[in-house]
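Engineer: show me the folded form of this:
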Amino acid sequence: MKAIIKYLLVCAFVLFKINTQAQTEKPEWILKYPINSDFFVGIAYADKKLDNYMEAAKSKALQSLANEITVKIIGQTSLQTIEINQKVKQSYISSVTTETIKELEGYELVDSWQDKHQYWVYYRLSKKAYYRAKKDKANSALQIAKNYVMLGMESVNGGNYKQGLNYYFMATNQIQNYLYFEYDIELKQQINALYQDAYKNVSNFYAQINIKAPSQHIKLKPYQLNNYILSLNIQNKQSLKPITNFPFVIKVVSGQAIIETNNKTANENGNLNFKINSFGTKSKVHSFKISIDKDDLFNEYIKSNNLLAIDLYKKVNCENTIEIETENLFVIIKSNEKAFNVKTKEQFLASAIKSYLLQNGVSITNNINEANYYLTIEANTTKGNVAYDMQVVYLDATIVLNENRRAPSFTKNFNGVKGLKATESAASYDSYQKLIRKFDDELYVDLLKEMGLTNNTEE
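Structural biologist: Next comes the predicted model:
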(Lines give C-alpha, C1' and ligand atoms only; values in the text may rest on other atoms or scores of the structure.)
Protein backbone atom coordinates (compact mmCIF):
# COMPACT_ATOMS: atom_id res chain seq x y z
CA MET A 1 0.00 0.00 0.00
CA LYS A 2 2.85 2.36 0.92
CA ALA A 3 4.45 1.58 -2.44
CA ILE A 4 1.27 2.55 -4.31
CA ILE A 5 0.97 5.84 -2.40
CA LYS A 6 4.62 6.62 -3.07
CA TYR A 7 4.09 5.92 -6.80
CA LEU A 8 1.04 8.19 -6.99
CA LEU A 9 2.91 11.04 -5.27
CA VAL A 10 5.77 10.74 -7.74
CA CYS A 11 3.29 10.86 -10.69
CA ALA A 12 1.54 13.89 -9.25
CA PHE A 13 4.87 15.69 -8.81
CA VAL A 14 5.89 14.93 -12.41
CA LEU A 15 2.52 16.12 -13.78
CA PHE A 16 2.74 19.32 -11.68
CA LYS A 17 6.24 20.01 -12.96
CA ILE A 18 5.20 19.43 -16.57
CA ASN A 19 2.17 21.71 -16.14
CA THR A 20 4.29 24.43 -14.50
CA GLN A 21 6.81 24.28 -17.32
CA ALA A 22 3.96 24.55 -19.87
CA GLN A 23 2.78 27.76 -18.23
CA THR A 24 6.19 29.35 -17.87
CA GLU A 25 7.98 28.36 -21.06
CA LYS A 26 7.03 30.60 -24.02
CA PRO A 27 5.83 28.78 -27.13
CA GLU A 28 7.84 28.80 -30.34
CA TRP A 29 5.54 31.37 -32.08
CA ILE A 30 6.47 33.96 -29.42
CA LEU A 31 10.17 33.23 -29.45
CA LYS A 32 10.40 33.21 -33.25
CA TYR A 33 7.87 35.16 -35.32
CA PRO A 34 6.28 32.67 -37.74
CA ILE A 35 6.60 33.33 -41.49
CA ASN A 36 3.96 31.62 -43.58
CA SER A 37 3.48 32.10 -47.32
CA ASP A 38 -0.17 31.10 -47.04
CA PHE A 39 -1.20 33.31 -44.14
CA PHE A 40 -0.96 36.86 -42.82
CA VAL A 41 0.09 36.71 -39.16
CA GLY A 42 -0.72 38.92 -36.18
CA ILE A 43 0.84 38.34 -32.77
CA ALA A 44 0.65 40.64 -29.73
CA TYR A 45 0.42 40.68 -25.95
CA ALA A 46 -1.14 42.81 -23.22
CA ASP A 47 -0.13 43.38 -19.61
CA LYS A 48 -2.43 41.48 -17.26
CA LYS A 49 -2.61 44.54 -15.02
CA LEU A 50 -5.18 45.86 -17.51
CA ASP A 51 -8.79 45.10 -16.70
CA ASN A 52 -9.49 44.16 -20.32
CA TYR A 53 -6.12 42.63 -21.14
CA MET A 54 -7.60 39.87 -23.33
CA GLU A 55 -9.40 42.36 -25.56
CA ALA A 56 -6.35 44.62 -25.61
CA ALA A 57 -4.13 41.75 -26.77
CA LYS A 58 -6.63 40.81 -29.47
CA SER A 59 -6.86 44.42 -30.72
CA LYS A 60 -3.07 44.74 -30.92
CA ALA A 61 -2.75 41.39 -32.69
CA LEU A 62 -5.29 42.40 -35.33
CA GLN A 63 -3.43 45.70 -35.71
CA SER A 64 -0.26 43.67 -36.30
CA LEU A 65 -2.13 41.55 -38.84
CA ALA A 66 -3.33 44.69 -40.66
CA ASN A 67 0.19 46.16 -40.59
CA GLU A 68 1.54 43.08 -42.36
CA ILE A 69 -1.09 43.49 -45.07
CA THR A 70 -0.34 47.21 -45.32
CA VAL A 71 3.39 46.61 -45.75
CA LYS A 72 2.62 44.40 -48.71
CA ILE A 73 0.22 47.02 -50.11
CA ILE A 74 2.73 49.87 -49.87
CA GLY A 75 5.45 47.72 -51.37
CA GLN A 76 3.27 47.17 -54.44
CA THR A 77 2.11 50.79 -54.80
CA SER A 78 3.87 52.57 -57.65
CA LEU A 79 2.43 56.09 -57.42
CA GLN A 80 5.22 58.65 -57.64
CA THR A 81 3.73 60.85 -54.93
CA ILE A 82 3.83 57.98 -52.44
CA GLU A 83 7.39 57.11 -53.37
CA ILE A 84 8.93 60.58 -52.97
CA ASN A 85 6.87 62.24 -50.24
CA GLN A 86 7.43 60.69 -46.80
CA LYS A 87 4.68 62.73 -45.13
CA VAL A 88 2.16 61.61 -47.76
CA LYS A 89 3.46 58.06 -47.50
CA GLN A 90 2.95 57.90 -43.74
CA SER A 91 -0.52 59.40 -44.06
CA TYR A 92 -1.40 56.90 -46.80
CA ILE A 93 -0.04 53.99 -44.76
CA SER A 94 -2.15 55.10 -41.80
CA SER A 95 -5.32 55.37 -43.90
CA VAL A 96 -4.76 51.98 -45.56
CA THR A 97 -4.09 50.33 -42.18
CA THR A 98 -7.24 51.85 -40.68
CA GLU A 99 -9.31 50.71 -43.65
CA THR A 100 -7.75 47.23 -43.51
CA ILE A 101 -8.64 46.83 -39.83
CA LYS A 102 -12.25 47.78 -40.60
CA GLU A 103 -12.41 45.17 -43.35
CA LEU A 104 -10.71 42.29 -41.49
CA GLU A 105 -12.83 39.16 -41.53
CA GLY A 106 -12.24 35.41 -41.65
CA TYR A 107 -9.22 35.51 -39.35
CA GLU A 108 -8.72 32.70 -36.82
CA LEU A 109 -7.18 32.34 -33.39
CA VAL A 110 -4.27 29.91 -33.69
CA ASP A 111 -3.10 29.92 -30.08
CA SER A 112 -2.87 31.91 -26.86
CA TRP A 113 -0.45 31.84 -23.93
CA GLN A 114 -0.12 33.54 -20.62
CA ASP A 115 2.00 33.76 -17.50
CA LYS A 116 1.62 35.82 -14.35
CA HIS A 117 2.35 39.08 -16.18
CA GLN A 118 1.37 38.82 -19.85
CA TYR A 119 -1.35 37.46 -22.10
CA TRP A 120 -0.39 36.60 -25.70
CA VAL A 121 -2.56 35.80 -28.74
CA TYR A 122 -1.70 34.52 -32.21
CA TYR A 123 -4.08 35.27 -35.12
CA ARG A 124 -3.74 34.41 -38.76
CA LEU A 125 -5.68 35.12 -41.95
CA SER A 126 -5.63 33.06 -45.12
CA LYS A 127 -4.16 35.10 -47.95
CA LYS A 128 -6.37 33.35 -50.49
CA ALA A 129 -9.49 34.04 -48.44
CA TYR A 130 -8.41 37.66 -47.92
CA TYR A 131 -7.78 38.28 -51.61
CA ARG A 132 -11.07 36.61 -52.62
CA ALA A 133 -12.98 38.97 -50.31
CA LYS A 134 -10.82 41.88 -51.42
CA LYS A 135 -11.50 41.12 -55.08
CA ASP A 136 -15.25 41.32 -54.51
CA LYS A 137 -14.87 44.66 -52.72
CA ALA A 138 -12.50 45.96 -55.40
CA ASN A 139 -14.98 45.08 -58.14
CA SER A 140 -17.75 46.84 -56.26
CA ALA A 141 -15.57 49.92 -55.67
CA LEU A 142 -14.57 49.99 -59.34
CA GLN A 143 -18.19 50.08 -60.48
CA ILE A 144 -19.01 52.91 -58.05
CA ALA A 145 -15.90 54.81 -59.20
CA LYS A 146 -16.87 54.41 -62.87
CA ASN A 147 -20.25 55.93 -62.08
CA TYR A 148 -18.60 58.89 -60.34
CA VAL A 149 -16.29 59.44 -63.32
CA MET A 150 -19.30 59.51 -65.67
CA LEU A 151 -21.05 62.01 -63.38
CA GLY A 152 -17.85 64.06 -63.31
CA MET A 153 -17.65 64.19 -67.10
CA GLU A 154 -21.33 65.12 -67.40
CA SER A 155 -21.01 67.87 -64.78
CA VAL A 156 -17.91 69.41 -66.36
CA ASN A 157 -19.44 69.25 -69.85
CA GLY A 158 -22.58 70.87 -68.45
CA GLY A 159 -20.63 73.73 -66.89
CA ASN A 160 -20.90 72.58 -63.27
CA TYR A 161 -17.13 72.46 -62.93
CA LYS A 162 -16.61 72.38 -59.18
CA GLN A 163 -19.13 69.57 -58.67
CA GLY A 164 -17.62 67.70 -61.61
CA LEU A 165 -14.15 67.79 -60.10
CA ASN A 166 -15.58 66.67 -56.77
CA TYR A 167 -16.97 63.59 -58.51
CA TYR A 168 -13.47 62.71 -59.74
CA PHE A 169 -12.14 62.96 -56.19
CA MET A 170 -15.03 60.78 -54.99
CA ALA A 171 -14.16 58.23 -57.68
CA THR A 172 -10.53 57.99 -56.59
CA ASN A 173 -11.60 57.73 -52.94
CA GLN A 174 -13.34 54.49 -53.88
CA ILE A 175 -10.41 52.82 -55.66
CA GLN A 176 -7.19 54.25 -54.23
CA ASN A 177 -6.78 51.47 -51.65
CA TYR A 178 -6.98 48.90 -54.46
CA LEU A 179 -4.30 50.38 -56.71
CA TYR A 180 -1.85 47.77 -55.39
CA PHE A 181 -4.20 44.83 -56.09
CA GLU A 182 -2.03 41.92 -57.29
CA TYR A 183 -4.46 39.04 -56.84
CA ASP A 184 -6.16 39.76 -60.18
CA ILE A 185 -3.92 41.49 -62.74
CA GLU A 186 -6.80 42.40 -65.08
CA LEU A 187 -8.76 43.99 -62.23
CA LYS A 188 -5.67 45.88 -61.08
CA GLN A 189 -5.17 47.22 -64.62
CA GLN A 190 -8.78 48.44 -64.77
CA ILE A 191 -8.48 50.18 -61.40
CA ASN A 192 -5.19 51.86 -62.30
CA ALA A 193 -6.52 52.88 -65.72
CA LEU A 194 -9.56 54.53 -64.10
CA TYR A 195 -7.32 56.41 -61.66
CA GLN A 196 -5.11 57.62 -64.51
CA ASP A 197 -8.18 58.72 -66.50
CA ALA A 198 -9.42 60.74 -63.51
CA TYR A 199 -5.96 62.27 -63.08
CA LYS A 200 -5.75 63.14 -66.77
CA ASN A 201 -9.24 64.66 -66.96
CA VAL A 202 -8.75 66.84 -63.88
CA SER A 203 -5.25 67.92 -64.97
CA ASN A 204 -6.49 68.80 -68.46
CA PHE A 205 -9.34 70.86 -67.04
CA TYR A 206 -6.99 72.98 -64.93
CA ALA A 207 -4.56 73.32 -67.83
CA GLN A 208 -7.32 74.90 -69.95
CA ILE A 209 -8.30 77.60 -67.43
CA ASN A 210 -7.42 81.07 -68.71
CA ILE A 211 -7.53 84.02 -66.31
CA LYS A 212 -8.02 86.86 -68.76
CA ALA A 213 -7.23 90.46 -67.76
CA PRO A 214 -7.75 93.71 -69.75
CA SER A 215 -3.96 94.07 -69.71
CA GLN A 216 -0.99 92.51 -67.97
CA HIS A 217 0.20 96.00 -67.04
CA ILE A 218 -2.55 98.42 -66.06
CA LYS A 219 -1.88 102.14 -65.56
CA LEU A 220 -4.18 104.09 -63.28
CA LYS A 221 -4.71 107.82 -63.03
CA PRO A 222 -5.08 109.37 -59.57
CA TYR A 223 -8.87 109.62 -59.92
CA GLN A 224 -9.03 105.83 -60.49
CA LEU A 225 -7.19 104.82 -57.33
CA ASN A 226 -10.07 104.92 -54.88
CA ASN A 227 -12.01 101.64 -54.71
CA TYR A 228 -10.60 100.38 -58.01
CA ILE A 229 -12.33 97.33 -59.49
CA LEU A 230 -10.00 94.80 -61.12
CA SER A 231 -12.20 93.03 -63.67
CA LEU A 232 -11.21 89.61 -65.00
CA ASN A 233 -12.84 86.94 -67.12
CA ILE A 234 -12.32 83.21 -66.64
CA GLN A 235 -12.63 81.08 -69.77
CA ASN A 236 -11.54 77.84 -71.39
CA LYS A 237 -8.45 78.38 -73.54
CA GLN A 238 -9.70 76.14 -76.36
CA SER A 239 -13.47 76.64 -76.45
CA LEU A 240 -13.35 80.24 -75.09
CA LYS A 241 -16.45 79.37 -73.07
CA PRO A 242 -16.73 80.99 -69.62
CA ILE A 243 -15.79 78.93 -66.58
CA THR A 244 -18.49 79.75 -64.07
CA ASN A 245 -19.03 79.40 -60.32
CA PHE A 246 -15.39 78.58 -59.70
CA PRO A 247 -13.35 79.89 -56.72
CA PHE A 248 -10.33 82.18 -57.11
CA VAL A 249 -8.04 84.08 -54.78
CA ILE A 250 -5.92 87.23 -55.22
CA LYS A 251 -2.67 88.01 -53.39
CA VAL A 252 -0.35 91.03 -53.37
CA VAL A 253 3.03 89.85 -54.68
CA SER A 254 4.82 93.19 -54.48
CA GLY A 255 3.86 96.77 -53.70
CA GLN A 256 1.05 97.56 -51.28
CA ALA A 257 -2.72 97.36 -51.56
CA ILE A 258 -5.76 96.76 -49.41
CA ILE A 259 -8.15 94.30 -51.07
CA GLU A 260 -11.74 94.20 -49.86
CA THR A 261 -12.15 90.45 -50.42
CA ASN A 262 -9.35 88.05 -51.28
CA ASN A 263 -11.61 85.14 -52.25
CA LYS A 264 -14.16 85.34 -55.05
CA THR A 265 -16.21 83.09 -57.28
CA ALA A 266 -16.57 83.66 -61.02
CA ASN A 267 -20.19 84.47 -61.90
CA GLU A 268 -22.42 82.83 -64.52
CA ASN A 269 -20.58 84.69 -67.29
CA GLY A 270 -17.13 83.83 -65.97
CA ASN A 271 -16.61 87.41 -64.76
CA LEU A 272 -14.53 87.94 -61.65
CA ASN A 273 -14.17 91.30 -59.88
CA PHE A 274 -11.80 92.16 -57.06
CA LYS A 275 -12.23 95.50 -55.28
CA ILE A 276 -8.97 97.19 -54.31
CA ASN A 277 -9.79 99.78 -51.68
CA SER A 278 -6.47 101.60 -51.79
CA PHE A 279 -2.86 101.41 -52.98
CA GLY A 280 0.24 102.14 -50.92
CA THR A 281 2.49 105.03 -51.86
CA LYS A 282 5.92 103.47 -51.28
CA SER A 283 5.83 101.88 -54.73
CA LYS A 284 4.33 102.96 -58.05
CA VAL A 285 4.00 99.40 -59.38
CA HIS A 286 1.91 96.83 -57.55
CA SER A 287 1.91 93.18 -58.57
CA PHE A 288 -1.04 90.83 -57.99
CA LYS A 289 -1.31 87.07 -58.43
CA ILE A 290 -4.75 85.68 -59.25
CA SER A 291 -5.09 81.92 -59.01
CA ILE A 292 -7.62 79.19 -58.40
CA ASP A 293 -8.43 78.78 -54.72
CA LYS A 294 -6.70 75.42 -54.25
CA ASP A 295 -7.47 75.35 -50.53
CA ASP A 296 -11.19 75.59 -51.28
CA LEU A 297 -10.97 72.91 -53.97
CA PHE A 298 -8.50 70.43 -52.46
CA ASN A 299 -8.29 70.74 -48.66
CA GLU A 300 -11.34 68.65 -47.81
CA TYR A 301 -9.99 65.74 -49.86
CA ILE A 302 -6.38 66.16 -48.73
CA LYS A 303 -7.59 65.80 -45.13
CA SER A 304 -9.15 62.46 -46.08
CA ASN A 305 -5.84 61.36 -47.72
CA ASN A 306 -7.23 61.43 -51.24
CA LEU A 307 -4.24 60.57 -53.45
CA LEU A 308 -5.53 62.50 -56.46
CA ALA A 309 -5.94 65.70 -54.43
CA ILE A 310 -2.53 65.23 -52.79
CA ASP A 311 -0.90 64.50 -56.15
CA LEU A 312 -2.43 67.51 -57.93
CA TYR A 313 -2.23 70.16 -55.20
CA LYS A 314 1.38 71.11 -55.88
CA LYS A 315 1.32 70.31 -59.59
CA VAL A 316 -1.66 72.46 -60.57
CA ASN A 317 -0.41 75.92 -61.48
CA CYS A 318 -3.39 77.91 -62.74
CA GLU A 319 -2.61 81.60 -62.19
CA ASN A 320 -1.99 84.97 -63.76
CA THR A 321 0.16 87.85 -62.53
CA ILE A 322 -1.00 91.39 -63.23
CA GLU A 323 0.86 94.64 -62.60
CA ILE A 324 -0.95 97.86 -61.74
CA GLU A 325 1.02 101.08 -62.04
CA THR A 326 -0.39 103.94 -60.02
CA GLU A 327 0.15 107.63 -60.53
CA ASN A 328 0.33 108.77 -56.93
CA LEU A 329 -0.46 112.31 -55.88
CA PHE A 330 1.06 114.02 -52.82
CA VAL A 331 -0.34 117.06 -51.03
CA ILE A 332 1.05 119.23 -48.24
CA ILE A 333 -1.61 120.74 -46.00
CA LYS A 334 -0.79 123.86 -44.01
CA SER A 335 -3.51 125.18 -41.75
CA ASN A 336 -3.85 128.30 -39.64
CA GLU A 337 -7.22 127.94 -37.89
CA LYS A 338 -8.07 130.47 -35.17
CA ALA A 339 -10.81 131.32 -32.74
CA PHE A 340 -10.97 135.02 -31.93
CA ASN A 341 -7.42 135.51 -33.35
CA VAL A 342 -5.94 132.69 -31.21
CA LYS A 343 -4.77 129.52 -33.01
CA THR A 344 -6.97 126.58 -32.11
CA LYS A 345 -5.48 123.46 -30.55
CA GLU A 346 -7.37 121.25 -32.99
CA GLN A 347 -7.25 122.06 -36.69
CA PHE A 348 -10.80 121.00 -37.61
CA LEU A 349 -10.84 121.97 -41.30
CA ALA A 350 -7.43 120.47 -42.03
CA SER A 351 -8.42 117.15 -40.39
CA ALA A 352 -11.65 116.95 -42.41
CA ILE A 353 -9.96 117.75 -45.75
CA LYS A 354 -7.06 115.36 -45.02
CA SER A 355 -9.43 112.51 -44.23
CA TYR A 356 -11.41 113.07 -47.43
CA LEU A 357 -8.30 113.26 -49.64
CA LEU A 358 -6.89 110.05 -48.16
CA GLN A 359 -10.14 108.28 -48.94
CA ASN A 360 -9.78 109.38 -52.55
CA GLY A 361 -6.27 108.14 -53.23
CA VAL A 362 -4.29 111.23 -52.20
CA SER A 363 -1.17 110.88 -50.07
CA ILE A 364 -0.44 113.52 -47.43
CA THR A 365 3.22 114.49 -47.07
CA ASN A 366 5.45 117.00 -45.32
CA ASN A 367 8.20 116.67 -47.91
CA ILE A 368 8.33 119.81 -50.10
CA ASN A 369 10.22 118.01 -52.87
CA GLU A 370 7.67 115.21 -52.99
CA ALA A 371 4.49 117.29 -53.02
CA ASN A 372 2.44 117.87 -56.16
CA TYR A 373 0.12 120.38 -54.48
CA TYR A 374 0.13 122.76 -51.54
CA LEU A 375 -3.13 123.37 -49.77
CA THR A 376 -3.31 126.24 -47.28
CA ILE A 377 -6.13 127.08 -44.92
CA GLU A 378 -6.72 130.42 -43.20
CA ALA A 379 -9.70 130.62 -40.83
CA ASN A 380 -10.83 132.77 -37.90
CA THR A 381 -13.96 133.37 -35.86
CA THR A 382 -15.26 136.73 -34.65
CA LYS A 383 -17.81 137.55 -32.02
CA GLY A 384 -21.32 138.55 -32.97
CA ASN A 385 -24.25 139.71 -30.89
CA VAL A 386 -26.02 137.84 -28.12
CA ALA A 387 -29.45 136.62 -29.18
CA TYR A 388 -31.89 135.12 -26.67
CA ASP A 389 -29.04 134.46 -24.23
CA MET A 390 -27.15 132.62 -27.01
CA GLN A 391 -23.74 133.71 -28.29
CA VAL A 392 -23.45 134.36 -32.04
CA VAL A 393 -20.07 133.72 -33.75
CA TYR A 394 -19.07 134.18 -37.40
CA LEU A 395 -16.39 132.11 -39.20
CA ASP A 396 -14.49 133.30 -42.28
CA ALA A 397 -12.23 130.83 -44.11
CA THR A 398 -10.10 130.79 -47.26
CA ILE A 399 -8.75 127.60 -48.86
CA VAL A 400 -6.02 127.95 -51.49
CA LEU A 401 -4.51 125.23 -53.70
CA ASN A 402 -1.14 125.69 -55.41
CA GLU A 403 0.37 123.29 -57.92
CA ASN A 404 4.15 122.78 -57.80
CA ARG A 405 4.87 126.16 -56.15
CA ARG A 406 3.08 128.04 -58.90
CA ALA A 407 0.49 130.73 -58.47
CA PRO A 408 -2.75 129.61 -56.81
CA SER A 409 -4.78 127.44 -59.14
CA PHE A 410 -7.81 127.22 -56.90
CA THR A 411 -9.22 129.52 -54.21
CA LYS A 412 -12.40 129.07 -52.20
CA ASN A 413 -13.80 131.58 -49.72
CA PHE A 414 -16.37 130.87 -47.04
CA ASN A 415 -17.62 134.01 -45.25
CA GLY A 416 -19.92 134.54 -42.32
CA VAL A 417 -20.58 130.90 -41.34
CA LYS A 418 -22.75 131.38 -38.26
CA GLY A 419 -22.27 129.51 -34.99
CA LEU A 420 -24.82 129.72 -32.18
CA LYS A 421 -24.32 128.26 -28.71
CA ALA A 422 -24.50 129.23 -25.03
CA THR A 423 -20.80 130.15 -24.84
CA GLU A 424 -18.35 131.78 -27.21
CA SER A 425 -16.09 128.72 -27.41
CA ALA A 426 -19.02 126.41 -28.08
CA ALA A 427 -20.38 128.80 -30.74
CA SER A 428 -16.92 128.94 -32.37
CA TYR A 429 -16.76 125.12 -32.49
CA ASP A 430 -20.30 125.06 -33.91
CA SER A 431 -19.32 127.38 -36.77
CA TYR A 432 -16.35 125.17 -37.71
CA GLN A 433 -18.55 122.06 -37.75
CA LYS A 434 -21.15 123.79 -39.92
CA LEU A 435 -18.47 124.77 -42.43
CA ILE A 436 -17.19 121.18 -42.59
CA ARG A 437 -20.71 120.05 -43.46
CA LYS A 438 -20.76 122.57 -46.31
CA PHE A 439 -17.58 121.03 -47.80
CA ASP A 440 -19.52 118.09 -49.28
CA ASP A 441 -21.44 120.38 -51.62
CA GLU A 442 -19.19 123.42 -51.98
CA LEU A 443 -15.56 122.26 -51.83
CA TYR A 444 -14.69 118.60 -52.26
CA VAL A 445 -15.88 118.02 -55.84
CA ASP A 446 -14.12 121.11 -57.18
CA LEU A 447 -10.99 120.29 -55.23
CA LEU A 448 -10.79 116.77 -56.65
CA LYS A 449 -11.32 118.02 -60.18
CA GLU A 450 -8.59 120.60 -59.80
CA MET A 451 -6.11 117.90 -58.70
CA GLY A 452 -7.15 115.50 -61.45
CA LEU A 453 -8.75 113.03 -59.08
CA THR A 454 -11.98 112.82 -61.08
CA ASN A 455 -12.46 112.16 -64.75
CA ASN A 456 -13.31 115.59 -66.13
CA THR A 457 -15.00 114.04 -69.15
CA GLU A 458 -17.68 112.61 -66.90
CA GLU A 459 -20.66 114.64 -65.89
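
Engineer: let me know the secondary structure of the residue nearest the centre of the chain.
Structural biologist: Geometric centre of the chain, nearest residue: residue 295, 4.1 Å, by C-alpha atoms, centre = their mean. When classified by DSSP: H, G, I helix; E, B strand; the rest coil, residue 295 comes out as helix.

Engineer: can you give me phi and psi for the residue nearest to it when sequence neighbours are not counted?
Structural biologist: Spatially, and ignoring its direct neighbours in sequence, residue 295 is nearest to residue 249 (7.9 Å; C-beta to C-beta, 6 or more residues apart in numbering). No exception for glycine: its C-beta is placed from N, CA and C like everyone else's. Per-residue torsions, residue 249: phi -140, psi 150 (degrees, to the nearest 10).

Engineer: burial measure for residue 249, as a count.
Structural biologist: 18 (other C-beta atoms under 10 Å).

Engineer: touching, residue 203 and residue 311? I think so.
Structural biologist: No - with contacts counted by C-beta atoms under 8 Å, residue 203 stays clear of residue 311, the gap being 9.4 Å.

Engineer: who's more crowded, the two?
Structural biologist: A count of neighbours by other C-beta under 10 Å puts residue 311 above the other of residue 203 and residue 311, at 21 against 15.

Engineer: how about the more buried one, secondary structure?
Structural biologist: Once three-state DSSP is applied, residue 311 turns out helix.

Engineer: how much space between it and residue 202?
Structural biologist: Look at residue 311 and residue 202: by C-beta to C-beta, to the nearest Å, they are 10 Å apart.

Engineer: same question, residue 232
Structural biologist: From residue 232 to residue 202 the distance is 23 Å (C-beta to C-beta).

Engineer: confidence score at residue 81?
Structural biologist: For residue 81, the pLDDT comes out at 49.

Engineer: leaving out sequence neighbours, find the closest residue to residue 39.
Structural biologist: Per C-beta to C-beta, 6+ apart, closest to residue 39 is residue 124, 4.2 Å.

Engineer: how about residue 29?
Structural biologist: The nearest residue in space to residue 29 (C-beta to C-beta, 6+ apart) is residue 122, at 5.2 Å.

Engineer: the one you found falls within a helix, correct?
Structural biologist: No - the assignment for residue 122 (three-state DSSP) gives strand, which keeps it out of a helix.

Engineer: that one against residue 112, yeah?
Structural biologist: Yes - in this structure, residue 122 is within contact of residue 112 by C-beta under 8 Å, at 6.9 Å.

Engineer: these two: which is more packed in?
Structural biologist: More neighbours surround residue 122 than the other of residue 122 and residue 112, with 19 against 16 (other C-beta under 10 Å).

Engineer: for the more buried one, which residues are in contact?
Structural biologist: Residues in contact with residue 122 (C-beta atoms under 8 Å, 6 or more residues apart in numbering) are 29, 34, 41-43, 61, 109-112.

Engineer: buried ones among these?
Structural biologist: Those of the contacts of residue 122 that meet the buried threshold are 29, 41-43, 61, 112, by 16 or more other C-beta atoms under 10 Å.

Engineer: ok, these vs residue 186, which is closest?
Structural biologist: residue 41 (28.9 Å; C-beta to C-beta).

Engineer: which residues does the residue nearest to residue 39 bridge with?
Structural biologist: When bridges are called by DSSP bridges, residue 124 pairs up with residue 41, residue 108.

Engineer: and for it, the neighbour number?
Structural biologist: 21.

Engineer: how near is it to residue 112?
Structural biologist: Distance from residue 124 to residue 112, by C-beta to C-beta: 13 Å.

Engineer: try residue 396
Structural biologist: From residue 396 to residue 112 the distance is 104 Å (C-beta to C-beta).

Engineer: listing request: residues of this structure with sub-threshold pLDDT.
Structural biologist: 1-24, 72-96, 181, 405-407, 454-459 (pLDDT under 70).

Engineer: show me what the helix ranked longest in it is packed up against.
Structural biologist: Counting by DSSP state H, the longest helix found in the chain is helix 127-157. If you count contacts as 3 or more C-beta pairs under 8 Å, 6 or more residues apart in numbering; DSSP states H and E, helix 127-157 packs onto strand 39-47, helix 86-103, helix 161-175, helix 185-207.

Engineer: and the ones you listed: which comes nearest residue 432?
Structural biologist: Closest to residue 432 of those, according to C-beta to C-beta: helix 161-175, at 55.7 Å.

Engineer: list the buried residues of that closest one.
Structural biologist: 161-162, 164-175.

Engineer: what's that helix in contact with?
Structural biologist: Under C-beta under 8 Å, 6+ apart, the answer for helix 161-175 is 138, 141-142, 144-146, 148-149, 151-158, 191, 194-195, 198, 201-202, 205, 243-247, 297, 301, 304, 306-309.

Engineer: show the buried residues in these.
Structural biologist: 138, 141-142, 145-146, 148-149, 151-152, 155-156, 191, 194-195, 198, 201-202, 205, 243-244, 246-247, 297, 301, 306-309.
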